[in-house]
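Engineer: structure, please.
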Amino acid sequence: MRTTLLVLLILYSIISIPNISLQASELEFDGDSAFSYLEAQCDFGTRPPGSENLTQCRGYIVDILRSFGWDVILQNFTYRDVDCANIVAHDSVSQNVSIILGAHYDTRPLADHDPNPENRDESVMGANDGASGTAVLMELARILPTQIRNKIELVFFDAEDSGSINGWQWIVGSNYYVDQMSPEIIANITMMILVDMVGDTNLRLQRELYSTRDLQNEVWSIAAHLGYDAIFQDSNGGYIIDDHHPFLNVGIPSLDIIHHDPFPATWHTIHDIPDRCNPDSLESVGRVLEYFITNTTGWTGEYEPNFVFPIELTLIGIFSVVAIITIAVYIRRK
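Structural biologist: All right, here's what the predicted structure looks like:
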């Protein structure tokens, strides 16, 4: 009888654990704030690698990040005689970075997919393709709690979007960044998450197939939990060569959050402008990442097998183990 009562009390304590999962409305990421960063980048004009517009925009991004308390360095490199620079931001006391969040901030030099052939020699504003991912990272830089920043590095890649133009390759900046990583640093990174083209008014995010599936599953589960499953669609897209690829090549679990299959109608056209983007789209992606980051920065395992999500299930699992041990000890003593 006493054993039965003890079991019932333990089970009651387990099922009575309050639901501590955050809802979307409780998160701090602000879509309007992120959209202001998107518009500010476009105010500099089109921003292909090596341009004065990109240099000025780079200075703006650096100033904003520093105003939020991040240490910022420029990782300078030259490609095909063009001076380029990745922007790298981390916490001043960062010793053990384990999460890299990335986006590219350059724009395509030519609108070679514009439906009007007369526009294909024009450069691309890149409100979505470039500025949107950068805006999400900038807003995360503003709102992420100080106590978890030491695990995070924000990287804004240059020279991503000039592939197949005048002999340029794709993803030049991210390849350079990974080439500079030591084996020790690579071993310490548990994940890399890339955000690219996440601002379209009709945002739809299918699963990118090069991405690490377990990591992708966790993020997509959070999106469903927060009510964003209409955007984070549980369907397979395609294989995209993007800035997560160099990280995958050195064994770092990586995820590309990207609107693709097909790309947005504005992709590589002169119509990739702020008017075709939406603060709500930025907010949906930003809040999913905010939730994910704040719940996983202390985790040091690997993405195979998956860790349990959501957090209340983790607590239930812990209490269940404790309950089983307690019952076993009690019965043995009887």
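Engineer: contacts and neighbour counts: CA atoms only from here.
Structural biologist: OK.
Engineer: what ranges does this structure have for its strands?
Structural biologist: 71-79, 82-90, 99-104, 152-157, 191-196, 205-207, 232-236, 254-258 (DSSP state E).
Engineer: any chance of the ones you listed in a markdown table, plus mean neighbour count and distance to Asp112?
Structural biologist: Converted to a markdown table, these look like this (neighbours: other CA atoms under 10 Å; distance: least, CA to CA, whole Å):
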| stretch | mean neighbour count | distance to Asp112 |
| --- | --- | --- |
| strand 71-79 | 16 | 22 |
| strand 82-90 | 20 | 21 |
| strand 99-104 | 25 | 19 |
| strand 152-157 | 26 | 22 |
| strand 191-196 | 24 | 19 |
| strand 205-207 | 24 | 24 |
| strand 232-236 | 15 | 27 |
| strand 254-258 | 26 | 20 |
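Engineer: okay, the ones you listed in JSON lines with distance to Leu38 and mean pLDDT next?
Structural biologist: Compiled in JSON lines, the strands of the chain are given as follows (distance: least, CA to CA, whole Å; pLDDT from 0 to 100):
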{"stretch": "strand 71-79", "distance to Leu38": "20", "mean pLDDT": "98"}
{"stretch": "strand 82-90", "distance to Leu38": "17", "mean pLDDT": "97"}
{"stretch": "strand 99-104", "distance to Leu38": "13", "mean pLDDT": "98"}
{"stretch": "strand 152-157", "distance to Leu38": "14", "mean pLDDT": "98"}
{"stretch": "strand 191-196", "distance to Leu38": "13", "mean pLDDT": "98"}
{"stretch": "strand 205-207", "distance to Leu38": "19", "mean pLDDT": "98"}
{"stretch": "strand 232-236", "distance to Leu38": "21", "mean pLDDT": "98"}
{"stretch": "strand 254-258", "distance to Leu38": "16", "mean pLDDT": "98"}
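Engineer: and these: which comes nearest Val288?
Structural biologist: Smallest distance to Val288 across the strands of the chain (CA to CA): 9.8 Å, for strand 232-236.
Engineer: starting at the chain centroid, how far to that closest one?
Structural biologist: Averaging C-alpha positions (CA atoms, centre = their mean, to the nearest Å) puts strand 232-236 17 Å from its chain's average.
Engineer: next, the residues that contact that strand from outside, please.
Structural biologist: When contacts are defined by CA atoms under 8 Å, 6 or more residues apart in numbering, strand 232-236 is touched by residues Arg204, Leu205, Gln206, Arg207, Glu208, Leu209, Trp220, Ala223, Ala224.
Engineer: shaky segments in this protein?
Structural biologist: 1-22, 24-25, 93-95, 297-334 (pLDDT under 70).
Engineer: helices of that one, start to end?
Structural biologist: In the chain, the helices defined using DSSP state H lie at 2-15, 31-42, 52-67, 131-143, 172-179, 183-188, 213-225, 245-249, 279-296, 311-333.
Engineer: so for Ala85, which of the ones you listed sits nearest?
Structural biologist: Closest among the helices of the chain, using CA to CA: helix 172-179, at 7.6 Å.
Engineer: output stretch 78-93 in PDB, but only the C-alpha positions, please.
Structural biologist: Below are the C-alpha coordinates for stretch 78-93, written out as PDB (Å, rounded to 0.1, in the frame of the first residue of the first chain):
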ATOM      1  CA  THR A  78      41.300  39.100 -51.800                       C
ATOM      2  CA  TYR A  79      39.600  37.200 -54.500                       C
ATOM      3  CA  ARG A  80      40.300  37.800 -58.200                       C
ATOM      4  CA  ASP A  81      41.900  41.100 -57.300                       C
ATOM      5  CA  VAL A  82      38.800  42.300 -55.400                       C
ATOM      6  CA  ASP A  83      39.200  43.200 -51.700                       C
ATOM      7  CA  CYS A  84      36.500  41.400 -49.600                       C
ATOM      8  CA  ALA A  85      35.800  41.000 -45.900                       C
ATOM      9  CA  ASN A  86      33.800  38.700 -43.700                       C
ATOM     10  CA  ILE A  87      32.300  40.300 -40.600                       C
ATOM     11  CA  VAL A  88      32.900  38.100 -37.500                       C
ATOM     12  CA  ALA A  89      31.200  39.000 -34.200                       C
ATOM     13  CA  HIS A  90      31.600  37.300 -30.900                       C
ATOM     14  CA  ASP A  91      31.300  38.000 -27.200                       C
ATOM     15  CA  SER A  92      34.200  39.800 -25.500                       C
ATOM     16  CA  VAL A  93      34.700  36.800 -23.100                       C
END
